[in-house]
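Q: generate coordinates for the sequence data below:
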Amino acid sequence: MRWLDHRAPMPESLRGAIIALGNFDGFHLGHQAVANEAIGWAREEGRPSIVATFDPHPVRLFKPDAPPFRLTTLEQRHELYLAAGATAMLVFHFDRELASTTAQDFVNVLLHERIGAAGVVTGEDFTFGKGRGGNRQVLADLGREAGIETRAVPPVMESGEPVSSSRVRTALQAGNCLAATRLLTRPFAIRGVVQHGDKRGREIGYPTANLPLEQYLRPRFGIYAVTGRVLSTGQELKGAANIGVRPTFDPPKELLEPHFFDFSGDLYGQEIEVAFHHFLRPEAKFDSLDALMAQMKADCDRARELLG
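A: Down below sits the predicted model:
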């Protein structure tokens, strides 16, 4: 699957594509509905289908000090779009230049001239262009003039409310993995390269793989039943993980620390993905290592039970 940059020339073989246009950070049920409409439309007409996203997220430009909120990396999105059936992923590099592009230029210069889109699918609430000057009606009007057909997909409802990235984030911040999984159609997952730590887990019989959190949303800090995937080999693992600041140890440091059951290999320097299935308990500070070890055993037993 191709990975395209909006600043580079569009390959001729991908001009005339149907574009699913949005941010699609979480690629939840609502985002999937937009992508599926574009992919189905493209197949009906024998055209390529492209899922477009914006990176960095526009909030990062306008509010650089905002707390981390990312639900996926570009690499994860690329895999998700491929699994959905798209021909390519197009990344709109969101910088000052793109932010100052008017809605008219976005359609005429980017979508029409540079990308050569034949059709564009968005959500009904999609906005674009300088100062959010464009919406689905503006897109339809400008597209008609440029020879681009447009479609808008209504919100996907779940439990009486529209599915949104905000709902996913709220569920994760509450430790509600099951709700987040329903909205995403998969568990929320953090991907990173395993780093060397202080080896505390190894010393007490529970070695962990230490992952930085970077710009990912912080789910509720605590202990989770998780699964892991080693990207280089595809190996699947089960375990229990702490995400938070490790209050029993000094100094406090934000980390994701999964302990994988029945695993004795070396993961240092490997890229792994850790998926959150069940919240077990909040982080706690223990008065002794014996108390911590007893609780870790109970956590691992519970995680094994929940993961089957």
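
Q: all strands of the stretch 201-308 of the chain, in order?
A: 222-230, 236-244, 255-260, 271-282 (DSSP state E, counting those that start in this stretch).

Q: just put those strands in JSON lines and tack on distance to Asn210, mean neighbour count and mean pLDDT.
A: Every residue, glycine included, has its C-beta placed from N, CA and C. Shown next, in JSON lines, are these (distance: least, Cβ to Cβ, whole Å; neighbours: other Cβ atoms under 10 Å; pLDDT from 0 to 100):
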{"stretch": "strand 222-230", "distance to Asn210": "13", "mean neighbour count": "22", "mean pLDDT": "97"}
{"stretch": "strand 236-244", "distance to Asn210": "10", "mean neighbour count": "22", "mean pLDDT": "96"}
{"stretch": "strand 255-260", "distance to Asn210": "5", "mean neighbour count": "23", "mean pLDDT": "94"}
{"stretch": "strand 271-282", "distance to Asn210": "11", "mean neighbour count": "18", "mean pLDDT": "97"}
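
Q: quick check: the residue nearest the centre of the chain vs Asp141, distance?
A: Nearest to the geometric centre of the chain sits Thr72, at 1.8 Å (Cα atoms, centre = their mean). To Asp141, Thr72 is 32 Å away according to Cβ to Cβ, to the nearest Å.

Q: repeat that for Ala8.
A: Counting by Cβ to Cβ, the gap from Ala8 to Asp141 is 28 Å.

Q: okay, the two: which has more neighbours?
A: More crowded of Ala8 and Asp141, by other Cβ atoms under 10 Å: Asp141, with 15 against 10.

Q: quick one: which helix or strand includes the more buried one?
A: Taking DSSP states H and E as the criterion, the element that holds Asp141 is helix 136-146.

Q: helices and strands around that helix, which ones?
A: Here helix 136-146 touches helix 103-105, strand 119-123, strand 149-153, going by 3 or more Cβ pairs under 8 Å, 6 or more residues apart in numbering; DSSP states H and E.

Q: buried residues in that helix?
A: By 16 or more other Cβ atoms under 10 Å, the buried positions in helix 136-146 come out as 136, 138-140, 142-143.

Q: report the rounded mean pLDDT for it.
A: For helix 136-146, mean pLDDT rounds to 97.

Q: make 46 the first number, not 1, from now on.
A: Sure thing, new numbering starts at 46, so read that last one as helix 181-191.

Q: that helix: how far from the chain's middle?
A: Relative to its chain's centre, helix 181-191 lies at 29 Å (Cα atoms, centre = their mean, to the nearest Å).

Q: got the angle between that helix and strand 164-168?
A: On the basis of axes from the mean of the first three to the mean of the last three Cα atoms, to 10 degrees, helix 181-191 is oriented at 180 degrees to strand 164-168.

Q: can you show me the CA trace of helix 181-191 as PDB?
A: In PDB, the C-alpha atoms belonging to helix 181-191 read as follows (Å, rounded to 0.1, in the frame of the first residue of the first chain):
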ATOM      1  CA  ARG A 181     -19.500  19.800   3.300                       C
ATOM      2  CA  GLN A 182     -21.700  22.300   1.300                       C
ATOM      3  CA  VAL A 183     -18.700  24.500   0.400                       C
ATOM      4  CA  LEU A 184     -16.800  21.300  -0.700                       C
ATOM      5  CA  ALA A 185     -19.800  20.200  -2.800                       C
ATOM      6  CA  ASP A 186     -20.100  23.600  -4.500                       C
ATOM      7  CA  LEU A 187     -16.400  24.100  -5.100                       C
ATOM      8  CA  GLY A 188     -16.000  20.400  -6.200                       C
ATOM      9  CA  ARG A 189     -18.800  20.700  -8.700                       C
ATOM     10  CA  GLU A 190     -17.000  23.600 -10.300                       C
ATOM     11  CA  ALA A 191     -13.700  21.600 -10.400                       C
END
